[in-house]
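Asks: predicted model follows, preceded by the sequence.
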Amino acid sequence: MPSRASSSSWVTRSDTRLVPRYGYPAQFDDLAALTGRISELLLSGDYILGKPVERFERSFAAQVGADTAIGLNSGTDALVLALHALGIGPGDEVVTVANTFHSTVLAIVRVGAVPVLVDCTDTDYMMDLDRITALTERHGLALAEDCAQAVGARWQGRQVGTFGDVGCFSFHPSKTLGAAGDAGAAVTGRPGLADRLRSLRGLGQLEQNHHLEAGYSSRMDSVQALVLEHKLPRLDAWNLARRELAGRYTRALAGSAVRVPDAGPGHVFHMYQVIVPDRDATLAALRAAGVDAVVRYPVPIARQPAFAAHDFDPADYPNADFLAENALCLPLRPEMTPADVDLVADTLLSVVGRS
Ligand SMILES: Cc1ncc(COP(=O)(O)O)c(C=O)c1O
């Protein structure tokens with residue numbers, strides 16, 4: 001699979017792929033209003049952690065049902081700063097799921113803690129949030145949620161990011177709420193934690209030139225806040241569109257050799273991941289036919305050289321390995337049409353067979 005960097009470089013206005021994976025320009029209706037606000041900002045000089053960031057933080061917190069949001073410069077930083085703010089460090093273990101993106105585990109390692117992997121389930125390929133919250137409450141453990149791919153998703157009717165001590169979000173352009181560059185946020189209901197996160201993102205200072213601790217440089221910039229503020233009111237409709245398009249895929253692929261996602265009603269389908277026979281050949285055939293499918297993630301965490309020092313035994317994570325070998329993601333973005341979905345599903349069925 002292409003690296004993250006090279007997969008992003010597929011996204012161009014002149015993309016001629018039949019069904020591309022991303023369609024960023026379509027997310028900018030009423031562009032003149034946004035560019036007008038950006039022009040004003042450029043002349044105001046309020047570039048970093050300015051008023052637009054404060055406004056976006058308030059509306060994002062309201063959107064996800066959290067008390068406070070802290071704007072940061074990426075989802076990766078949200079994870080690192082969240083763990084740091086929770087006091088996690090050397091001597092601690094942090095449990096996470098074996099089929100996650102690199103950043104989840106990177107953050108654990110970055111604060112000096114030991115990552116402990118748990119295999120995902122073999123049905124929905126996740127970890128059970130009810131059991132996790134019960135476990136953390138019973139043992140007095142901290143809970144940080146990596147919601148990077150799940151802005152607007154719900155579990156049992158409640159928005160993700162609000163179950164634990166802190167929720168971490170990515171606004172990478174490919175996400176359900178995407179900036180025009182890197183951005184992220186942490187949300188929390190604990191005022192002390194919010195203050196600590198604000199201090200950490202700004203070089204450990206709450207007041208200029210008084211550095212209470214060695215922090216990070218991880219402030220959201222105002223241009224990204226303006227972009228996010230422009231898109232936020234459209235998020236619910238986009239997530240609904242994602243769900244409807246996913247439902248259409250699921251109906252179109254029913255009864256075939258393709259295994260469709262077993263997802264609950266609150267899922268926002270940042271990806272539509274399927275299990276297919278002969279995955280690599282199927283992927284190649286889809287791409288040759290102009291369907292911009294992709295594998296997330298072909299090398300699971302337990303097999304990544306970056307974490308070799310942790311001696312993970314891949315045999316302990318058979319479900320993560322199974323996904324790495326058998327899953328692929330079909331294009332799914334809110335501005336796709338039902339006809340796009342039918343075209344992709346038809347192409348896939350013509351490759352793997354209809355029953
Ligand atoms: C599960 C997960 N965690 C963390 C991140 C990191 O987010 P960012 O790219 O904003 O640093 C991502 C982004 O791809 C992700 O998918």
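Replies: The structure has been received and is ready for your questions.
Asks: all helices of the stretch 51-200 of the chain, in order?
Replies: Listed in chain order, the helices of the stretch 51-200 of the chain (DSSP state H, counting those that start in this stretch) span 51-64, 75-85, 102-110, 129-139, 191-201.
Asks: where does pLDDT dip in this protein?
Replies: Applying pLDDT under 70 to the chain flags the ranges 1-17.
Asks: any idea which residue of it lies closest to the ligand?
Replies: The ligand sits closest to Gly75 of the chain, with a gap of 2.6 Å, by CB to the nearest ligand atom. C-beta: built from backbone N, CA, C; applies to glycine.
Asks: tally of neighbours for that residue?
Replies: Counted with other CB atoms under 10 Å, the neighbours of Gly75 add up to 27.
Asks: chain neighbours aside, what residue packs nearest to it?
Replies: Ser170 (2.5 Å; CB to CB, 6 or more residues apart in numbering).
Asks: quick one: contacts of the helix ranked longest in the chain?
Replies: The helix spanning the most residues in the chain, taking DSSP state H as the definition, is helix 235-253. Defining contact as CB atoms under 8 Å, 6 or more residues apart in numbering, one finds that helix 235-253 is touched by 27, 63, 151-153, 176-177, 260-261, 263, 267-270, 272, 274, 330, 332-336, 338, 341-342, 344-346, 348-349.
Asks: again, but for stretch 275-293
Replies: The contact list for stretch 275-293 (CB under 8 Å, 6+ apart) reads 10, 17-21, 257-259, 294-295, 323, 325-331, 343-344, 347-348, 351-352.
Asks: list the contacts of whatever helix or strand His230 lives in.
Replies: His230 is located in helix 222-231, with elements delineated by DSSP states H and E. Judged by CB under 8 Å, 6+ apart, the contacts made with helix 222-231 from elsewhere in the structure are 27-28, 30, 33-34, 37-38, 41, 46-53, 55-56, 59-60, 71, 171, 177-183.
Asks: centre-most residue in this protein?
Replies: With distances taken as CA atoms, centre = their mean, the residue of the chain nearest its centroid is Gln149 (2.2 Å).
Asks: next, the nearest residue to it once chain neighbours are set aside: phi, psi?
Replies: Excluding the flanking residues, the one nearest Gln149 by CB to CB, 6+ apart is His270, at 4.0 Å. With angles defined as degrees, to the nearest 10, His270 sits at phi -50, psi -30.
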